[in-house]
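In: can't give you the sequence, but here's the structure:
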């Protein structure tokens, strides 16, 4: 294998700033709150943090509608706070990644206000305008074209109406956005998570999208609402722009670019490069969010991912985020299963990304659409909640963004305010950092123990991967190897205990998920949903 850059060996902890920690008692998480919790993240063992946006914004989509890319929303803090966050994260020996929304701005951004004011102004062509809409649908359903009476024209918004898309075919727009990237890199940011990056370019001729029978978009097939997204997603210019953005980042050394993209795995790979990784450094593979909890599924998943993302490329393993259901909801709220899932995530070849609260097993909070702060549910308020539950769709993103559960005190220790921006989940007395920190067999302590081993063993961060074959049904096993250093991982996805013989190589067990997991003289005993990490002693 080639020597890996830091961003291919790192572990990422995603912070949703509004819900992480409130330092000034207003019920909203803020940048100083993140700074105060850096010790916690460092002690857990994470090497990088990714912060969802805290730039200036009217907060119609809670930061993903930016009105000034080089200023901070006052509820989160100031520019000095942002610079302190960068400095303090580095002082803790970690990297800091900001969320960059390059596809669109807020409709309240001064650029759009000027652009929409007339057809003859300096920014008239900074957004996508047409006299008549074509048939393009937005990513949330319905036409993405919206009328602006001042121009007597329609503007295009890929996501929500108050998020107009920028026109990257205008050289001024592209230059301005790349200079904004340079601005933050110059301040010391270690990279960016890139929001809906595969949407940035649309068809130059505005050709109509063809019909399809597909109704619900998926991560591997983003077409839906009876329309194939042929001319609105994954255009060839997007791949070229990925390389152009990479070259800008290269001006500042090794910087991470983590793309939110959707489509088949060959499409995801295209954003990273062809023979060499000269595009985005990483992309999310959201197909795994709908995982099936069994050994056969994960064996197949990893084999496919290894085929599409071999060295010098690196996959990302992610099971939750600020838009999707928390992973434990797909595990029947079973902590044993959660431990096993994260043992896989933190030891397989790839970059793991864990969403805040996932390390303690925070669960989704059920909330009626009528009370949602998230704008998306209001588009579908006539459809009962249970319909989306049946389809496995988390429509109300408020349900996965509730405040971090630090302890069993008021508001779970998130804030001392009388009211928090979203209500704290009712189970915070049983699920919180303080409580789990004291419990030997907690999910929190399991993840911390696995991360400690990962951080001390180069084979887990940068090694190649080989399968163990001929294992009992329900057991998954693989070897991570870097030079002469070897680490073996065995995972039992079955609820029943498994006993079997491994090869005669000399090994020692350095972690067992449960008290019944054992390894001695090549004999392996794994409890139901158990797992072990073994180290070669030769």
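Out: Arrived safely, thanks for sending. Since the structure is predicted, the reported quantities are computational estimates derived from the model, not experimental observations.

In: For burial, what's the neighbour tally of residue 438?
Out: Neighbour count of residue 438, defined by other CB atoms under 10 Å: 10. For every residue, glycine as well, the C-beta is placed using N, CA and C.

In: Quick check: the gap between it and residue 453.
Out: Distance from residue 438 to residue 453, counting by CB to CB, to the nearest Å: 21 Å.

In: again with residue 326
Out: From residue 326 to residue 453 the distance is 25 Å (CB to CB).

In: ok, the two, which is more surrounded?
Out: Remark: of residue 326 and residue 453, residue 326 carries more neighbours, 24 against 17, as counted by other CB under 10 Å.

In: residues in contact with that one?
Out: Shown in contact with residue 326 (CB atoms under 8 Å, 6 or more residues apart in numbering): 320, 355, 357-358, 362-364, 400.

In: For it, which non-adjacent residue is spatially closest?
Out: Spatial nearest neighbour of residue 326, chain neighbours left out: residue 320 (4.9 Å); criterion: CB to CB, 6 or more residues apart in numbering.

In: The one you found: neighbour count?
Out: The burial count for residue 320: 23, using other CB under 10 Å.

In: Confirm for me that it is in contact with residue 355.
Out: Yes. In this structure, residue 320 is within contact of residue 355 by CB atoms under 8 Å, at 4.1 Å.

In: any common contacting residues for these two?
Out: 326, 400.

In: What does the pLDDT read for residue 392?
Out: Per-residue confidence for residue 392 comes out at a pLDDT of 68.

In: Export the contacts of residue 326 to JSON lines and append columns for pLDDT, secondary structure and distance to residue 239.
Out: Conversion of these to JSON lines gives the following (pLDDT from 0 to 100; DSSP: H, G, I helix; E, B strand; the rest coil; distance: CB to CB, whole Å):
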{"residue": "320", "pLDDT": "97", "secondary structure": "coil", "distance to residue 239": "28"}
{"residue": "355", "pLDDT": "98", "secondary structure": "strand", "distance to residue 239": "28"}
{"residue": "357", "pLDDT": "98", "secondary structure": "coil", "distance to residue 239": "34"}
{"residue": "358", "pLDDT": "98", "secondary structure": "helix", "distance to residue 239": "31"}
{"residue": "362", "pLDDT": "98", "secondary structure": "coil", "distance to residue 239": "36"}
{"residue": "363", "pLDDT": "97", "secondary structure": "coil", "distance to residue 239": "38"}
{"residue": "364", "pLDDT": "96", "secondary structure": "coil", "distance to residue 239": "35"}
{"residue": "400", "pLDDT": "97", "secondary structure": "helix", "distance to residue 239": "31"}
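
In: of those residues, closest to residue 532?
Out: For those, the minimum distance to residue 532 (CB to CB) is 22.2 Å, reached by residue 358.

In: How many residues are close by the closest one?
Out: 24.

In: for the stretch 401-538 of the chain, what spans make up the strands?
Out: 464-467, 475-482, 485-492, 498-501, 507-512, 518-520, 523-526, 531-536 (DSSP state E, counting those that start in this stretch).

In: Identify the residues contacting the first one?
Out: Where contact means CB under 8 Å, 6+ apart, the residues beyond strand 464-467 that reach it are 1, 299, 302, 306, 311, 348-349, 477-482.
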